[in-house]
Each structure stands twice: as structure tokens, then as C-alpha cells.
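Student: output the structure for:
(one chain, ligands or ions: 1)
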Amino acid sequence: MPRPISARIHVDAVRQNLDFVRRTAAASRVWSVVKANAYGHGIERVFPAPDAADGIALLDLDEAVRVRELGWTKPVLLLEGLFDARDVDTADRHKLTVTVHCDEQLDLLAAARPRQPIGIELKMNSGMNRLGFRPGDYARAWRRASEIAAIGPIGLMTHFANADDGAIDWQIDAFDAATQNLLGTRSLSNSAAVLWHPRAHRAWVRPGTILYGASPTGSARHIAGLPLRAAMTLESRIIGVQTLAPGETIGYGRTFAAERAMHIGVVACGYADGYPRHAPAGTPVLVEGVRTRIVGRVSMDMLTVDLTPCLDAGIGAPVELWGEHVRVDEVAEPSGTIGYELMCALARRVPVTVDAGVSPRASTV
Ligand SMILES: *Cc1c(COP(=O)(O)O)cnc(C)c1O
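Tutor: Model (predicted):
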């Protein structure tokens, strides 16, 4: 028997989350963001889901080629654009749309002779201060791009710094002012702006994390009540049970002492599987369908849970670390991170299975 840990990927959940994005930004076309191997879920695994999207956005050229090889014929957007002159050929051959965020990338395209003009998304730095042309320089970049023969349609794009926790009007205003007289489709919204800033929806939206059912803020309570389903379940089993007398401690560092006589379950999951070592005592976990808590320090291959609310759970009892019942954000937040990081950091040693699920139409019958 392999060690009893696995991750299950729910393709139908991605599909339903995408449907929800569609209803929420009904007038917009949707780039499904599948960078970082679909936020750790596996591009190939979730791939049947984005068929309802209008485009796929990612940033690795190899991933873009994989998406084409899977048969995707709709637009593919490279979110960081081209890194090197050789990439122009890949973009040309696979009909990729490329982000252009600096003059060096315009230089690459100015020197290129692709078989057909390459569509671009011209990126503005409207306040994030990572990639993009400053608002004051944007119209010049747009004019330059429009004169380059290798460049096809020009989309106008920016990215928000704090759509998850605040007002973003300052960035929208900066973008709108600087693009007033420029032609092209607009694309502004990440997941947070899709959910909470309809003013930013425009022609295209670019949701990532909500497609996988995680919260853009890192906090599960901010998406409570929304029809967003977890696309990944990390599950394992109890492989040991200990009965502790009051005052006895568990695990490395002896960080947790039994408050009374306690049953403790040992779960085959640790930080080498991608579970955060910083998860404190009290982090929720589901044992045999019952919510309980982590106690003691997470070690490389194991963690320990309080069996008080589920005394019948013995060796072999199923454990959900995160998924449908315990949102990944509920593990991430007390650990000082966000669901994005935990999904992306699922370890290679964890076997992954795919729940192909049913189509949304069939599931509503
Ligand atoms: C990652 C990314 C997104 C998606 O962000 P989420 O917060 O996951 O929705 C959108 N746009 C750009 C440019 C990105 O890099």
C-alpha cells in the first residue's frame, strides 16, 4: 500500500466556479488564469473545465505550448510576455497573445518578422509598481506599438495592488485617464475585482484563485455564502492513536500539553506534503466527517489531531486536511499565508487523482 495521502482534483468544481464568474461579470469575456500549473492543480487535469472560458492566461511558454497541444484553439495570453527573441517564434507558431510591459519587449517585436501579426496586451503600471508602462508614458508606448508591423490587435491591461482589501478607484481612475483616447479592449480584473469591483469588469476579466475555490483575500469568511467550490481536496488517514494523561506533551518542541486525558490521532501528512509547518494548534481539520483541530507541531511526514469530538476515529479513519469542508484558506490564514501558496506548494510526492465529475447541466437535474 502507498502511504495513505492523496489530493483529489474536482474538475466540475472549476467548471462551476467559472460559471459563477460568468454570471458575476456577465458582460465580460473571461481569461481563465492557469499559471503555476493551474495553481498547483495541474493544467492537464483541470483542462476540461476552461472550455467555457474565452481564453487561457499563464506565463510559462512551455505551459502555453502544452495548452495548444491539448487542443485549445482559443486565445492564450502570456501574462509576463516574451523573455527573449526566440520566444517570438513560439508565440507566432502557437498564436499566443503576449503581454508587453516594457520598451525592451517592443524592441523584440520591432525586430521580428512573424508570419502573422502577434496580438498584445499592453500593460500599464497604474500603481502596483511591478510591471508596466507608467500612465504618463502609456500613450507613447501604445503609439509605438501601433506602428510595429509584427504587432496585431492591442489590448489595454493593468493589474490591481489591493482589490482584495480596499478601494481601487485610484488605479481605475489612473488607467481610464491614461487610456481615454486609445483604442483596444480593456482588461483589469483579477479574482477580487471580479467579486467586489464591478466598475473594473470591462471587456475581459482575469480570474485565477476563485476558479479553484480559494479566497482572494486569504480569508474564507470573505467568500462564505458564494457558490465557490474547492477544486482540491487534500486527504489522508489516521495511522496512529495515542492516549495522553493530563500534562503529557505531543511531538517536536513539546508545544502542546494535554489539557486533560486526551485521544490524539496521528495523520499521515506533514510539511513535506505541502501542509504548512506554521499551522498552529487549533487549525481546523476534518476527521471521519467531524471538524476538529490540529494540536502540536506539524512535522515532516505527520501531524497530530485532537480526537475529542470523534472518539470513534481509529487507525484508518479518513482525514480531510483541506477541501470541501475545511477551506484551504482556513488552514492558510492561521499559518500566516494564503490559500494560493498552499495549493501551489502541494508536494510532488502526493499522488493526485482526478474527479472528472459531471457537467454543470447534468448536476442541476
Ligand atoms: C495571477 C494573475 C491574475 C489572477 O489573479 P487572482 O488573484 O488569482 O485572480 C490576473 N492577472 C494577472 C496579471 C496575474 O498575474
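
Student: can I assume residue 79 is in contact with residue 97?
Tutor: No - checked against C-beta atoms under 8 Å, the pair residue 79 and residue 97 is beyond contact range at 10.0 Å. C-beta here means a position set from N, CA and C on the backbone, and glycine is covered the same way.

Student: contacts only, for the residue of the chain found nearest the ligand.
Tutor: Across the chain, the shortest distance to the ligand (C-beta to the nearest ligand atom) belongs to residue 208, at 2.5 Å. Residues counted as contacts of residue 208 (C-beta atoms under 8 Å, 6 or more residues apart in numbering) are 33-35, 39, 190-191, 340.

Student: run the last query once more with 7 Å
Tutor: Contact partners of residue 208, counting by C-beta atoms under 7 Å, 6 or more residues apart in numbering, are 33, 39, 190-191.

Student: can you sort out which of these also neighbour the ligand?
Tutor: Contacts with the ligand within the contacts of residue 208, counted by C-beta under 6 Å from any ligand atom: 33, 190-191.

Student: so which helix or strand takes in the residue nearest to residue 216 when sequence neighbours are not counted?
Tutor: Closest residue in space to residue 216, ignoring its immediate chain neighbours: residue 192 at 3.8 Å, by C-beta to C-beta, 6 or more residues apart in numbering. Using DSSP states H and E, residue 192 falls within helix 191-196.

Student: what packs against that helix?
Tutor: helix 11-24 (3 or more C-beta pairs under 7 Å, 6 or more residues apart in numbering; DSSP states H and E).

Student: report all helices and strands that the following helix or strand past the helix it packs on contacts.
Tutor: Using DSSP H and E, the helix or strand that follows helix 11-24 towards the C-terminus is strand 29-33. In terms of contacts (3+ C-beta pairs under 7 Å, 6+ apart), strand 29-33 is packed against helix 11-24, strand 55-58, strand 204-205.

Student: okay if I get those as a markdown table plus mean pLDDT?
Tutor: What follows is the helices and strands packed on strand 29-33, written out as a markdown table (pLDDT from 0 to 100):
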| stretch | mean pLDDT |
| --- | --- |
| helix 11-24 | 96 |
| strand 55-58 | 96 |
| strand 204-205 | 98 |
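
Student: mind putting those in JSON lines, mean neighbour count included?
Tutor: Listed next are the helices and strands packed on strand 29-33 as JSON lines, based on neighbours: other C-beta atoms under 10 Å:
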{"stretch": "helix 11-24", "mean neighbour count": "20"}
{"stretch": "strand 55-58", "mean neighbour count": "24"}
{"stretch": "strand 204-205", "mean neighbour count": "25"}
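
Student: so where is the protein shaky, pLDDT-wise?
Tutor: Scanning the chain with the threshold set as pLDDT under 70 gives 50, 357-365.

Student: so what are the domain limits for it?
Tutor: Listed domain ranges for the chain are 11-212, 232-355 (source: automatic domain parsing).

Student: could you dump the ones you listed into JSON lines and include distance to residue 4?
Tutor: As requested, the domains of the chain are exported to JSON lines (distance: least, C-beta to C-beta, whole Å):
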{"stretch": "domain 11-212", "distance to residue 4": "20"}
{"stretch": "domain 232-355", "distance to residue 4": "4"}
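
Student: for stretch 194-203, which positions count as buried?
Tutor: Buried residues in stretch 194-203, counting neighbours by 16 or more other C-beta atoms under 10 Å, are found at 194-197, 200-202.

Student: same check on stretch 307-316?
Tutor: The neighbour-count check on stretch 307-316 (16+ other C-beta under 10 Å) flags 307-308, 310, 313 as buried.

Student: filter the residues you listed down to just the ones in strands.
Tutor: Using DSSP state E, no member of the buried residues of stretch 307-316 falls within strands.

Student: quick check: the farthest pair among these?
Tutor: The largest distance within the buried residues of stretch 307-316, taken as C-beta to C-beta, falls between 308 and 313 and amounts to 10.4 Å.

Student: now, which of the buried residues of stretch 194-203 lie close to the ligand?
Tutor: Near the ligand, judged by C-beta under 6 Å from any ligand atom, there are no entries from these.

Student: and residue 79, how many neighbours?
Tutor: Neighbours of residue 79 under the rule other C-beta atoms under 10 Å: 21.

Student: and if you look at residue 80?
Tutor: Neighbours around residue 80, by other C-beta under 10 Å: 17.

Student: what sits against it?
Tutor: So residue 80 contacts 59, 99, 131 (C-beta under 7 Å, 6+ apart).

Student: in this structure the second one contacts residue 121, no?
Tutor: Right, residue 99. Yes - taking contacts as C-beta atoms under 7 Å, residue 99 lies within contact range of residue 121: 4.8 Å.

Student: show me whatever sits in contact with both of those two.
Tutor: With C-beta under 7 Å, 6+ apart, residue 99 and residue 121 have common neighbours 77, 157.

Student: what's the nearest residue to residue 320 if we skip its chain neighbours?
Tutor: residue 286 (3.9 Å).

Student: that's a strand at that neighbour, yeah?
Tutor: Yes - under DSSP: H, G, I helix; E, B strand; the rest coil, residue 286 falls within a strand.

Student: just the helices in the stretch 51-200 of the chain please.
Tutor: Using DSSP state H, counting those that start in this stretch, the helices of the stretch 51-200 of the chain run over 61-69, 85-93, 103-110, 135-146, 169-179, 191-196.

Student: show me how far the shortest one is from its chain's centre.
Tutor: Going back to what we said before, that points to helix 191-196. Distance, stretch centre to chain centre, for helix 191-196: 13 Å (C-alpha atoms, centre = their mean, to the nearest Å).

Student: who touches that helix?
Tutor: Counting by C-beta under 7 Å, 6+ apart, 21, 24-25, 160, 163-164, 168, 200, 205, 207-210, 216 sit against helix 191-196.
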